[in-house]
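In: Can you look at this prediction? I've put the sequence above it.
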Amino acid sequence: MKGRLDSFIDLLQGTRDFDELQKHLKGLRDIFDIEHVTYHSVNSTGHQYASTTYSADWSVQYFGEDYARIDPVVQGCFRRFHPVDWRQLDWSGKSARDFMGEARAAGVGTHGFSVPIRGPSGQFALFTISDARRDSEWELYTTEHTRELILAAHYVNQKALQLERGSDETKVQNLS
């Protein structure tokens, strides 16, 4: 996988727009041999951007219903720095269970693994993979690929920031 991931990173560097980034995420899904890859970012002004291999219908529903406010993945990762296996999150509330039921019905998968990313000026992003593998297969998969997933997450975030702002740097605000 290392060689294929290196090739993806090289390809990502030449990405010129968000449509191309979307196309490359589909390629990354194939490299990781999983069902779905999602990159979801919220900048300091609250603007959201997502590139995903989930169905268009699920994406429209997710953003239309503002599910980020109740999504245990978003909420849990906002309070963490390290990658999170979705099984570690609190799914006990009715809204969380209902949300997961809708997500599974939309083909999101039974398992997920998310890498929280903090960027400049309050940017928060998630890089997520999901799949419907059996528990034991998922445990082995995420254990074996955590490093590559973290690396891919940060390269995708860097490119998304460059596409959004022209750079992944922001100017420092001077205090008065």
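Out: Done, it's in.

In: ok now the longest helix seen in the chain, how far from the chain's centre?
Out: Longest helix in the chain by number of residues (criterion: DSSP state H): helix 135-165. Remark: helix 135-165 is offset 8 Å from the chain centroid, using CA atoms, centre = their mean, to the nearest Å.

In: so what secondary structure elements neighbour that helix?
Out: With contacts taken as 3 or more CB pairs under 8 Å, 6 or more residues apart in numbering; DSSP states H and E, helix 135-165 sits against helix 2-13, helix 18-32, strand 36-42, strand 48-52, strand 111-118, strand 124-131. Just so you know, the C-beta spots here come from the backbone N, C-alpha and C atoms, and that holds for glycine as well.

In: Same list (the ones you listed) but as JSON lines, adding mean neighbour count.
Out: Formatted as JSON lines, the helices and strands packed on helix 135-165 follow (neighbours: other CB atoms under 10 Å):
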{"stretch": "helix 2-13", "mean neighbour count": "14"}
{"stretch": "helix 18-32", "mean neighbour count": "16"}
{"stretch": "strand 36-42", "mean neighbour count": "23"}
{"stretch": "strand 48-52", "mean neighbour count": "17"}
{"stretch": "strand 111-118", "mean neighbour count": "22"}
{"stretch": "strand 124-131", "mean neighbour count": "24"}
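
In: What's opposite the most centrally placed residue in the chain in the beta bridge?
Out: Centre of the chain computed as the mean C-alpha position; nearest residue by CA atoms, centre = their mean is Phe127, 2.2 Å away. Phe127 has these beta-bridge partners by DSSP bridges: Tyr39, Val115.

In: ok, it touching Ile117?
Out: Yes: using CB atoms under 8 Å, Phe127 is in contact with Ile117, at 6.5 Å.

In: list residues touching both of these two?
Out: Shared contacts of Phe127 and Ile117, defined by CB atoms under 8 Å, 6 or more residues apart in numbering, are found at 153, 157.
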